[in-house]
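**Student:** Generate coordinates for the sequence data below:
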Amino acid sequence: MLTIINLVLSSASVILPVTGESNSLSSFKQISEFSTLAKNSNSSHLTKVTFGDQVSLAVVQQPDGNAAYVSTEKGKVTQFSMAAQYGSIGLVAHNTLAGKYFNGLSDGDKITLIYGDGTRVNYKVTDIYRYQAVSPTSPYSDFVDPENAKNTLSVETVFNSIYSENGRLVLQTCISKGKVESWGRLFVVAEPTY
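**Tutor:** Numbers count the residues shown, from 1 in each chain. Down below sits the predicted model:
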């Protein structure tokens, strides 16, 4: 069964949003940011994410048909629509904005998702992955394997290994190096703590 799922996932056209500061693909104008911050009684609408007792960020949605979109507003993260299609919850943010908080997370840290009806779901950070992007400003970039720098991983391989686990929470931002804001990608993976 897993092999069939992997074949289906690898044949789909997946992307990984670019969350570096100079990303022209994600910064299409605000269209009121698709945000609903107040309680709206919708148990499936994610409205906020918190890291411990220190940081609370609003969650906005991607516009239909634009899986590369990432909010450019301070204090907001974007729910990655493509992740939901593969069973996980993905939150993306620019590394110069809310994504800076992703870099401060460590194994074992607590993350809480808050939904429109006030429901809270707790997660614990279990893994952190860092990849160098071969084409830093492309959402279709291949990546350098951190275990073997001579090995290049396709965007599909990285996407499948990160986002295809059902129920998993993934926080994604760019890694800057030198003057390149989107040199690589950081993925913070968390599992529910039921």
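**Student:** Which pLDDT value belongs to the closest residue to Tyr101 other than its chain neighbours?
**Tutor:** Distances taken as C-beta to C-beta, 6 or more residues apart in numbering place Val55 nearest to Tyr101, at 5.1 Å, with adjacent residues excluded. Quick note: C-beta positions are derived from backbone N, CA and C, even for glycine. pLDDT, Val55: 93.
**Student:** quick one, phi/psi of Val55?
**Tutor:** phi -130, psi 130 (degrees, to the nearest 10).
**Student:** which residues of the protein score low on pLDDT?
**Tutor:** In the predicted model, the chain carries pLDDT under 70 at residues 1-12, 20-41.
**Student:** can you give me the helices in it?
**Tutor:** Along the chain, the segments classed as helices by DSSP state H run 2-11, 81-85, 155-163.
**Student:** Give me the contacts around the second one.
**Tutor:** Counting by C-beta atoms under 8 Å, 6 or more residues apart in numbering, helix 81-85 makes contact with Val14, Ile15, Gln61, Gln62, Ala67, Ile89, Gly90, Phe159, Tyr163, Val170, all of which sit outside it.
**Student:** Quick check: the last one touching Glu191?
**Tutor:** What that stands for is Val170. No - the pair Val170 / Glu191 is not scored as a contact, 10.6 Å apart, by C-beta atoms under 8 Å.
**Student:** quick revisit: of the contacts of helix 81-85, which is the most crowded?
**Tutor:** Gly90 (27 neighbours; other C-beta atoms under 10 Å).
**Student:** how many other residues sit next to the residue nearest to Tyr101?
**Tutor:** Neighbours around Val55, by other C-beta under 10 Å: 15.
**Student:** quick one: the nearest residue in space to Leu46 that is not next to it in sequence from Glu147, how far?
**Tutor:** The shortest distance from Leu46 to any non-neighbouring residue, by C-beta to C-beta, 6+ apart, is to Val59 (4.8 Å). Val59 sits 32 Å away from Glu147, going by C-beta to C-beta, to the nearest Å.
**Student:** higher neighbour count, those two?
**Tutor:** Neighbour count, other C-beta under 10 Å: between Val59 and Glu147, Val59 has more, with 25 against 7.
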